[in-house]
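A.B. asks: coords please:
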Amino acid sequence: RSWEIGRGEIGGHCIMCKDGKTVWSRVKRNAKSYAEVTGLSDMGRMVPSSQWLPRYTREKLAGDVIAGITVGIMLVPQAIAYANLSGLPPVYGLYSAFMSLFVYAVFGTAKDLSLGPTALMSLVVAESFTKLERPPAGFENECSDIQSFDFCCTDGEDFACTPVRLVIAATLISGLYQIAMGFLNAGSVIDYVGFPVINGFTTAAAVSILTNQLRHILGVTDIDRQWIYTVRDLASSIHKTRWQDFVMGAGCIVLILGLEKVQKEFVDRRKFSRIEYGLWLAGTARSAIAVVVALSVARIVAATDAGDEVFKLIRDIPPGIPEPQNPLSSVSADDMNEVLTASVTISLLGYLQVIAIGKSFAQKNGYTLDPTQEMRVVGYSSIVSSFFQSVPITASFSRSAVNSASSIYTPLGGLFTALCVIFSLEFVTPAFFYVPKSALAAIIITAVLHMFDLRQVRRMARVNSQDLIIWSTAFLACLLWSLEYGILLAIGVSACLTLYNESSPTLLRLACEADIGVWVADPKYTTTGLAKSWAPSFVKGSSSTAPLVVKLGGAITFSMANQLRDRLLAIDREYQSEDEVRALVIDMSAVSRIDYSGVLALEAVLEQLKPGSRKRVAVGGETVAVDGKIHTRKKGDVFVQNVWGIRLHLAHMTSPAHRALLAAGLLDGDVSLGLWTIVPHSSIATAIESVREDSGLVTTTWPFEWMVPTKLARFFDSGAIVDGRNEDPPRQWQCQETPDRKKLWARLSPGQQSIV
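C.D. replies: Purely as a prediction, here's the structure:
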C-alpha cells in the first residue's frame, strides 16, 4: 500500500492509508475477529451456564438429580478401579472424580459429558510415571499404606513406585496446556490425527489394559507392565493362579455383562413401569452392584477362620476430602522435564476424548458443542482438580452414555454426581477395605471391551489399504513400544503417506460422452510406471483437430510440482509434432491451489512446450527424407527435430489457481510478440472451440527459429528485408532495431505486421 501524511502520530510521524483506514483500526478489527472466533467477546460462550440457568425449572432439576446420582453410583467403583490401573492408591481415583464436575457444570457446553478418571488416561499415567523395580533391602510398605507422597509399595512379590507428586503436577501442567490451546484456538490440531491413528491407539490400549488386569483376575504377582513381557510373565505364572481370586473375578465379569444386557434391554422401556425402571437402574449401576456383592462375599469369608487373606483386597482408604495444596510444591526442577513431556500427551489425549465423545452425543441429542470452549473447560477442570490431588482426567464414554440415557437436561447433573463421590469419601470408605482387587479388575475389563471396534477396522481395510497401514503402525507401536511414542510414530507415518499422495498428481485423460456431452475419465489410460511405457498410449489418437484433454487433481504445491512437471514433459515428448501446432487442454476444477514451486514447474513445462529445434535419439528403423533422398535412422542416432509447439489451455480454473497464475504473469501475453503463455478458459467446451483459431494464430505469426533468415540481423541495416527459410513460398523478414540498439529479425505477416 501507499502511505501518506494523516492524523495520529506514530514514531514522530503521521501515517494513514489512502483509503482512510489506520493501522490501529486494522489492529482493532483483527482483535475483534479473534475475540469472535475464540468466544472471548461472548459471555454466553465463555460461561455457558449463564444461558441455561435463567430458564432452569423444577422438572429439569429432577432429571439432573436422577441422572447425577445414577452416574455417581457408577463412578465411585470405577474411580477406585482406575486408580488401581494407574498404579496409584485407590483414594486418588476418588480425589479425581468430584472437583472437575463442579467446574464443568459452570463452563461446559455438553449436557451429557461426564469428566473424571478413565481407563485410557489411567494407562497413559501408568506408562508415563510408574517405575517397576526391585525394592531396596529392608523395604516394607504394603500398597494400602499411602503415607508417602512418593507412592512406593509392595504387593506380594510386586514392587511398584509411582511418584504421586509428579502425576498431580502433570494434571496442572496439562490443564495449562489445554487453556493455552483454547485461547489460541489451536484445537484444530486434533483434526490432523485421523481415525486410523486414534482407533489403532485405543485398540492397543484396550489390549494392554485387558492383559494387565488378568494379573488380578488370576491373583498372580511379579508381572511386568510392558505388554510383551506381561504376556510372558502371565504364561509362566499360570500355574500359580489363586482359584479364589479367579472365581471372584470371573463371577464379577459375568454379573456385570449380564446386568449390562439388562440395561440395554430396558433402556427404551424404563418409563413404562417401576419394575422396568428398576431393572434398567440395576443395569446402569452394574459396577456398584458387582462391588457390593464382592465385598459382601469377602467380608463374610473374612469373618470365618480363613480370615482376610483369602482374597487380595484393596484394604484401607483414608476418609475425607483432601485439603487444597500447591501441586508443584513437592516437584523439583529435575522432575519438571519428565512432567512437561508427559503433560503434552495427556493434554492432547484428554481433549481428543472430550471432543470425540462430546460430538457424538451432541449430534445424537440435537445440540451444539463448542470445541474451543471444551478445550478451555477441560483445562479449567484439570487445574482446579490438581489442587485437590487429582490425577489427569478426561471424558468417559460409559458415564456420558448413562447421562444421555437418563435424560439429563443440563451439565448441572454433574454436581450431584460429585456430591455422591464426596459422600463416599466422607462416610463409605471404611467399607471399601474388603473390596477384592479381582472385582476392580472385572470392572476395568468390562469397560475396555467397548474400546474394541474391529468392525470399523475391517471396513477401513476395504475402503483404503493405506489406512490399514497407519492403523497397524499405531496398534503395534503402542502395544510393543509405548503409547506416547507409538502414537507419534503413527502420526508420522500418516503424514508421510499424505505427503506421498499429494506428491503424486492425478492426471486423467478425458473423453466426451457424445450422448450427454459430458467429459469423463477414460479408464484405459494411466500415468503409472515409467514414462516410456504409458506416455505413447496416453497421447495416442490426439491431434490438432482432436486435442488431448486431461484432468489434473490435487494442489500444485512443492510436494507434487516435480512429478507434475515430469509427467507433462513426458506427454510433451510424445505429443509434439513436426507438421502442426497442437493443444493440451487441462481441466483444473480439482486443483485447489498453486504455490510458487508449482508456478516454477508450470514455467518449465511452458518453456518445453514452445516451438523449437529439439535433439532426439532415434529408436531405430525410422525413415526420413533429406534433400529428396530417403534415409533410415539407426538406433541411437541423434537428430534434430523441428517441433511446432503445444499450446496449454486451462479450463475450469479455481479462484486461488487463477490468482496465482495471473500474479506470476503466465496468463498475460500475445504469441505475436513471441510470448508462449497459458490460455485460460471458462470450460472445456470453449477451450476446444478456440483451439483451431489459436493454432492458426501461432502458425501465421510465431517466429519459428528454423524459418529465420540464415544471416544474423546485426549484419544488415535497419529496415532491410530478407527472405526466410523452410517456407514455400518463403516469408519475408525485416531487420528492426530495439530501444537498447539490438537488431532482430521481425517476421512480416501477410498484413505486413512485423512480429519479433
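A.B. asks: What ranges does the stretch 51-200 of the chain have for its helices?
C.D. replies: Taking DSSP state H, counting those that start in this stretch as the criterion, the stretch 51-200 of the chain carries its helices at 58-86, 91-95, 99-107, 119-129, 164-183, 195-218.
A.B. asks: what is the mean pLDDT for stretch 505-518?
C.D. replies: Average pLDDT, stretch 505-518: 82.
A.B. asks: Same question for it: list its buried residues.
C.D. replies: 505, 507-510 (16 or more other C-beta atoms under 10 Å). C-beta: built from backbone N, CA, C; applies to glycine.
A.B. asks: For it, which outside residues touch it?
C.D. replies: With C-beta atoms under 8 Å, 6 or more residues apart in numbering as the test, stretch 505-518 has contacts from 519-522, 525, 527, 538, 548-554, 556, 560, 563-564, 567, 587, 590, 684.
A.B. asks: Report the distance from whichever helix in the chain runs longest to the chain centre.
C.D. replies: Counting by DSSP state H, the longest helix found in the chain is helix 333-365. Computed by C-alpha atoms, centre = their mean, to the nearest Å, the chain-centroid distance of helix 333-365 equals 14 Å.
A.B. asks: Now the very next helix or strand once past that helix: buried residues?
C.D. replies: Using DSSP states H and E, the helix or strand that follows helix 333-365 in sequence is helix 371-386. For helix 371-386, the neighbour count (16+ other C-beta under 10 Å) marks 371-386 as buried.
A.B. asks: Give me the average confidence score over whichever helix or strand comes after helix 371-386.
C.D. replies: Using DSSP H and E, the helix or strand that follows helix 371-386 in sequence is strand 394-395. Taken as a whole, strand 394-395 carries a mean pLDDT of 92.
A.B. asks: helices or strands next to strand 394-395 in the packing?
C.D. replies: helix 333-365 (3 or more C-beta pairs under 8 Å, 6 or more residues apart in numbering; DSSP states H and E).
A.B. asks: The helix it packs on packs against which elements?
C.D. replies: helix 119-129, helix 164-183, helix 371-386, strand 394-395, helix 397-405, helix 483-502.
A.B. asks: Recalculate using a threshold of 6 Å.
C.D. replies: For helix 333-365, the packing partners by 3 or more C-beta pairs under 6 Å, 6 or more residues apart in numbering; DSSP states H and E come out as helix 164-183, helix 371-386, strand 394-395, helix 397-405.
A.B. asks: Adding distance to Arg633 as columns, could you present the ones you listed in TSV?
C.D. replies: Listed next are these as TSV, based on distance: least, C-beta to C-beta, whole Å:
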stretch	distance to Arg633
helix 164-183	67
helix 371-386	67
strand 394-395	73
helix 397-405	73
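A.B. asks: Of these, which is nearest Leu667?
C.D. replies: helix 371-386 (40.3 Å; C-beta to C-beta).
A.B. asks: and that closest one, how far from the chain's centre?
C.D. replies: The chain centre lies 21 Å from the centre of helix 371-386; the measure is C-alpha atoms, centre = their mean.
A.B. asks: now stretch 464-480
C.D. replies: 15 Å.
A.B. asks: mind listing what's buried in that stretch?
C.D. replies: Quick answer for stretch 464-480 (16+ other C-beta under 10 Å): 466-475, 477-479.
A.B. asks: do stretch 524-536 as well
C.D. replies: So for stretch 524-536, counting by 16+ other C-beta under 10 Å, buried means 525, 527, 531, 534-535.
A.B. asks: With stretch 577-588 instead?
C.D. replies: 581-588.
A.B. asks: rewinding a little: what's the most distant pair in the buried residues of stretch 524-536?
C.D. replies: Farthest pair in these (C-beta to C-beta) is Tyr525 and Ala531. Separation: 13.4 Å.
A.B. asks: Where does Asp587 sit: helix, strand or coil?
C.D. replies: Three-state assignment for Asp587 (DSSP: H, G, I helix; E, B strand; the rest coil): strand.
A.B. asks: so it sits right up against Leu650, yeah?
C.D. replies: No. Applying C-beta atoms under 6 Å, one finds Asp587 not in contact with Leu650, separated by 8.3 Å.
A.B. asks: which SSE is Ser50 in?
C.D. replies: helix 49-52.
A.B. asks: In TSV: the buried residues of stretch 577-588, plus distance to Lys635.
C.D. replies: Output for those, formatted as TSV (distance: C-beta to C-beta, whole Å):
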residue	distance to Lys635
Val581	29
Arg582	26
Ala583	31
Leu584	29
Val585	34
Ile586	34
Asp587	38
Met588	39
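A.B. asks: nearest to Ile678, of those?
C.D. replies: Nearest member of the buried residues of stretch 577-588 to Ile678, counting by C-beta to C-beta, is Ile586, at 9.2 Å.
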